[in-house]
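K.L.:
here is the input, now give the coordinates:
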Amino acid sequence: MKRISIYLFLFLFSFSAPSFADDIRDYEIEGMSIGSSLLDYMSEEKIKEGIERQKYMYQYTTDEFGEVYKFEGLETYYMLSFFVKPDDNNFIIYAIYGTLPHEKDMNSCYKKMSEISKEFSAKYKDAEKISRTIIHPVDTTGRSTAKEVNFMFKSGDEIRIICTDFEESLRIEKNWIDGLDIAIQSKEVGDWLSKRIN
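P.N.:
Modelled structure (predicted):
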């Protein structure tokens, strides 16, 4: 089923993303795009609850952005997460992450990452490709990692392919997911998140 999901993703993503575009608002995950209002997909109450629930994940930054999860009504992904500004009454989306879980086999995650990276490299030839592995900032033990391939556009916006491997006891305790994320992320969110890494 995961194989079907990832190839469905590639078809949907490729179909909705013209190769000449340098504006991430042209890209969609599950029909949702940067610049639209999260209120089109969730109630204000659920958005505010989600921002409050995820605050602990971003304790090293300001509260300029909040993260909200969505599990219901998805066709391709296990879950989506969105970054919005908590004080924005319209809750405009600045980043979308789609997660496909791979917790039993990280090698499968890395293989899918490589496949998608090749697809994107051919499609987004003007984007700068950056690969890196970082210690995941939510794990103070330093035993959780995130392997990434980032496609950086001239605007500073990016599309990211991420395999997250949480330390096992922490993953179980927090009920987190090891897996493959595809992210469409504005420069503004990228700059904010980098404060937690650098």
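
K.L.:
could you say which helix or strand holds Ser117?
P.N.:
helix 106-123 (DSSP states H and E).

K.L.:
tell me the average confidence for that helix?
P.N.:
What helix 106-123 shows for mean pLDDT is 90.

K.L.:
tell me what it is packed against?
P.N.:
With contacts defined as 3 or more Cβ pairs under 8 Å, 6 or more residues apart in numbering; DSSP states H and E, helix 106-123 has these neighbours: helix 2-16, strand 145-152, strand 158-165, strand 179-185. (Each C-beta comes from the backbone N, C-alpha and C, glycine too.)

K.L.:
which residues touch the very next helix or strand once past that helix?
P.N.:
Note on helix 106-123: by DSSP H and E, the next helix or strand toward the C-terminus is strand 128-135. Here strand 128-135 makes contact (Cβ atoms under 8 Å, 6 or more residues apart in numbering) with 117, 121, 142, 144-152, 197.

K.L.:
which strands border strand 128-135, and is each parallel or antiparallel?
P.N.:
strand 145-152 (antiparallel) (DSSP bridges).

K.L.:
contacting residues for the residue nearest to the spatial centre of the chain?
P.N.:
By Cα atoms, centre = their mean, the chain has its centre lying nearest to Tyr97, at 2.5 Å. Residues near Tyr97 by Cβ under 8 Å, 6+ apart: 80-82, 181-183.

K.L.:
which stretches of this protein have low pLDDT?
P.N.:
1-23, 59-62, 103, 137-140, 167-168, 170-176, 196-198 (pLDDT under 70).

K.L.:
got the contacts of strand 128-135 as JSON lines, with distance to Ser131 columns?
P.N.:
Formatted as JSON lines, these follow (distance: Cβ to Cβ, whole Å):
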{"residue": "Ser117", "distance to Ser131": "8"}
{"residue": "Ser121", "distance to Ser131": "11"}
{"residue": "Gly142", "distance to Ser131": "20"}
{"residue": "Ser144", "distance to Ser131": "18"}
{"residue": "Thr145", "distance to Ser131": "13"}
{"residue": "Ala146", "distance to Ser131": "12"}
{"residue": "Lys147", "distance to Ser131": "8"}
{"residue": "Glu148", "distance to Ser131": "7"}
{"residue": "Val149", "distance to Ser131": "5"}
{"residue": "Asn150", "distance to Ser131": "8"}
{"residue": "Phe151", "distance to Ser131": "10"}
{"residue": "Met152", "distance to Ser131": "12"}
{"residue": "Ile197", "distance to Ser131": "15"}
